[in-house]
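>>> Give me the fold of what follows.
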Amino acid sequence: MANRERQMRYELYRHYDENSVLLYVGISYSAFLRLRNHKNASAKWFDKLSTIKVDHYPSKRSAEIAELKAIKDENPLYNRNSKAFGDGKITYEDVVKFFGSQANAVRILRIPQTTISAWRRGIPIWHQKQIESFTYGKLKCQK
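Prediction:
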């Protein structure tokens, strides 16, 4: 799988309305296939969509880091209540306390320091599920 990941490009997409207001930021293997999923899921912002900007990244990790940074720095209207981010179920502080330090969490989880540092804003659900599995349920993801 690591070999397959090296061959794939990941896309960070930004969806804008007709006034260039940023509606939503996300990552996917294909921004346009993901757009179809958003349409089928009746995303609240979908009817407002006018423009899509796509950036390419060589790895999932680099795309995740860019996504977290974009959401934090660019403040898209519809990412605020995103189910992708934590809401206090597993926090950065929980992870650091469990592993003893951020450096230990980086080493043990094999997740880049920049990613774990970004968890101060909220831990993505996919990472919360990995943490729950890794800690044998001692830290629980409630979603």
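>>> CA only for contacts and neighbour counts going forward, please
OK.
>>> So in this protein, which helix runs the longest?
When the chain is parsed with DSSP state H, its longest helix is helix 60-74.
>>> List the buried residues for the next helix or strand along the chain from that one?
The element immediately downstream of helix 60-74 (helix or strand, assigned by DSSP states H and E) is helix 92-99. Across helix 92-99, burial judged by 16 or more other C-alpha atoms under 10 Å covers 92, 95-96, 99.
>>> contacting residues around helix 92-99?
Helix 92-99 is contacted by residues 102, 104-105, 116-117, 119-120, 122-123, 139 when judged by C-alpha atoms under 8 Å, 6 or more residues apart in numbering.
>>> try it again with 10 Å
Applying C-alpha atoms under 10 Å, 6 or more residues apart in numbering, the contact partners of helix 92-99 are 86, 88, 91, 100-109, 116-123, 128, 131, 135, 138-139.
>>> Type out the PyMOL command that picks the buried ones from the residues you listed.
Buried residues within the contacts of helix 92-99, by 16+ other C-alpha under 10 Å, are selected in PyMOL with:
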select buried, resi 86+91+102+105+106+116+118+119+122+123+128+131+139
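>>> For Lys1, give me the pLDDT.
One thing to correct before we go on: residue 1 is Met, not Lys. Confidence at Met1, expressed as pLDDT, is 46.
>>> Which helix or strand lies directly C-terminal to the helix or strand of the chain with the lowest mean pLDDT?
Here the helix or strand of the chain ranked lowest by mean pLDDT, DSSP states H and E is helix 2-7, holding a mean of 51. Downstream of helix 2-7, the first helix or strand assigned by DSSP H and E is strand 10-16.
>>> name the helices or strands packed onto that following strand?
strand 22-28, helix 31-40, strand 51-57, helix 60-74 (3 or more C-alpha pairs under 10 Å, 6 or more residues apart in numbering; DSSP states H and E).
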